Structures are given as C-alpha cells and as structure tokens.
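K.L.:
Got a predicted model here, sequence first, then my questions.
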Amino acid sequence: MAKTDWPKEPLTTDTMQVLDRILTEWCAEQSCEKSSEGARVTAKTLVDWFEFGIHDEGELARLVRDRSMLDLGEPEPRR
C-alpha cells in the first residue's frame, strides 16, 4: 500500500500571531487560561486546521467557536 504524504504549510511568525490571537480570544470567551487542557487541545486543533489548508483567520475562529459549542464538557483527566 502506498503512503500518502500531505505537504504542510510552514508556520511563520505571522501565522503564529494569527493562531495566538484566535486562541487568546477563545480562552477569554471560555474563561480559561492558555495553560489549560482545553486551550492546549484547541491550539493543536488550530494548527491541524491550518496545516490542512484553512488559512483564513475568520474561518479558523468560527471553526474553534463551533467546535467548542459541540463539546459537552472538559475531557476526563488521564490517570
């Protein structure tokens, strides 16, 4: 079976500023710290979406808000 590699867009300083701005706004809306587990998961999700090809700041922010509306709560801590 052939392996498919998806090319990843580089994360530039400008990109990181956009992603950080979205995460900061999301954390303020969720009343959580950037160091929280929810923020960590959201940050990874933002990077994943960017690497998948979603680069518009407004679209990324909307996706993050829509995703958090679907979450039923904080994930259980790992033991």
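P.N.:
Done, it's in.

K.L.:
hang on, residue 54 packs against residue 60?
P.N.:
Yes. Contact criterion Cβ atoms under 8 Å: residue 54 and residue 60 qualify, at 5.9 Å. From N, CA and C alone the C-beta is placed, and that goes for glycine too.

K.L.:
The two: who's more crowded?
P.N.:
More crowded of residue 54 and residue 60, by other Cβ atoms under 10 Å: residue 60, with 20 against 14.

K.L.:
tell me which element that one is part of?
P.N.:
Using DSSP states H and E, residue 60 sits within helix 57-70.

K.L.:
what does residue 40 give?
P.N.:
helix 37-52.

K.L.:
Give me the contact list for stretch 8-21.
P.N.:
43, 46, 47, 50, 51, 53, 55, 57, 60 (Cβ atoms under 8 Å, 6 or more residues apart in numbering).

K.L.:
what would the residues you listed look like in CSV with distance to residue 10 and pLDDT?
P.N.:
Listed next are those as CSV, based on distance: Cβ to Cβ, whole Å; pLDDT from 0 to 100:
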residue, distance to residue 10, pLDDT
43, 17, 96
46, 15, 95
47, 12, 94
50, 10, 93
51, 10, 89
53, 13, 90
55, 12, 94
57, 17, 97
60, 16, 96
